[in-house]
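K.L.:
Have a look at this fold, sequence not included:
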């Protein structure tokens, strides 16, 4: 499979023009994320958000998960080809520690992370439900 070129990757992700504001309220999104979320299809995978830190927990991993910083942005700030066709209304979860990004959709009781899998060449969506 051919990897996208740097120019193709940059075109897929919308960059804010100077003076342009994002179409979503970052503080409101961060507030909605607070708490622990359980994956619907695999309930032993959880995400916990505390302030501007996130921890991904999955059963059976040898490395103990730690909290890491996250950012909500309008584009992926890393050389990352799993983000496709982002609109200005679509917030992106940027994870500086692992230099990865996920498209993000959050309501009061559900969270969806999505992107494009280079392995399967398909779009994926992982749904979580809030548990506290």
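P.N.:
Looks like it arrived, so ask away. Quantities reported herein were computed from a predicted structural model and do not represent experimental measurements.

K.L.:
Which helix or which strand is home to the residue positioned nearest the centre of the chain?
P.N.:
Centroid-nearest residue in the chain, with CA atoms, centre = their mean: residue 102, separated by 2.7 Å. Assigned by DSSP states H and E, residue 102 belongs to strand 100-106.

K.L.:
So what are the sheet partners of that strand and their directions?
P.N.:
Counting by DSSP bridges, the strands paired with strand 100-106 are strand 92-95 (antiparallel), strand 110-117 (antiparallel).

K.L.:
All the strands of the protein, in order from the start?
P.N.:
In the chain, the strands defined using DSSP state E lie at 35-39, 45-50, 53-58, 68-69, 71-73, 92-95, 100-106, 110-117, 122-130.

K.L.:
and the second one, what does it pack onto?
P.N.:
Strand 45-50 sits against strand 35-39, strand 53-58, with contacts defined as 3 or more CB pairs under 8 Å, 6 or more residues apart in numbering; DSSP states H and E. C-beta coordinates here come from the backbone N, C-alpha and C atoms, glycine included.

K.L.:
Can you tell me which of the strands paired with strand 100-106 is packed in deepest?
P.N.:
Neighbour counts (mean count of other CB atoms under 10 Å) averaged over each of the strands paired with strand 100-106 peak at strand 92-95, with a mean of 20.
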